[in-house]
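J.: build me a structure from this.
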Amino acid sequence: MATVLVVDDEPDIRLLISTMLRAQGHDVLEAAEGEAALSAMASATIDVVLLDLMMPMMDGWAVLWTLHDRPVHPPVIVMSARPEYGNERPPLGAIGYLQKPFTTSQALSSISEVLSARG
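T.: You can find the predicted model right below:
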């Protein structure tokens, strides 16, 4: 199984996603905003990041820009309630997109695809 970082400013959403992932055997780390997410990525080995785009303080866009400047970082699946962000391809280096609300199977499928692609 994988270590997944769930980044969302809404505690209920983080809890729901984390509970679902743990039930599938994944290790889960959580962050409520971008700075905490970057800190978690610097201090732990993360296999995949689920990143909300719209958050106060440092949002998901700023995290993506920061990661864009780094040669190595975990793959990112962005999450958003705004469908236009996933219309053509995931934004700014992200490799997946989940439109909120999403189902358990959609989230697990996206994570499985990322993990399979990484080998």
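J.: thought Asp59 was touching Trp65?
T.: No - with contact defined as C-beta atoms under 8 Å, Asp59 does not reach Trp65; the gap is 10.0 Å. C-beta coordinates here come from the backbone N, C-alpha and C atoms, glycine included.
J.: who has more neighbours out of the two?
T.: Taking other C-beta atoms under 10 Å, Asp59 and Trp65 do not tie; Asp59 has more neighbours (17 against 12).
J.: contacting residues for that one?
T.: 33-34, 53 (C-beta atoms under 8 Å, 6 or more residues apart in numbering).
J.: one more time with 10 Å
T.: 7, 9, 33-34, 51-53 (C-beta atoms under 10 Å, 6 or more residues apart in numbering).
J.: do you know how far it is from Val72?
T.: For Asp59, the distance to Val72 equals 22 Å [C-beta to C-beta, to the nearest Å].
J.: can you count the residues close to Pro56?
T.: There are 9 residues near Pro56, going by other C-beta under 10 Å.
J.: where does the nearest residue to it once chain neighbours are set aside land in three-state SS?
T.: Take Pro56 and drop its neighbours on the chain: the residue closest to it by C-beta to C-beta, 6 or more residues apart in numbering is Asp9, 6.1 Å away. Three-state assignment for Asp9 (DSSP: H, G, I helix; E, B strand; the rest coil): coil.
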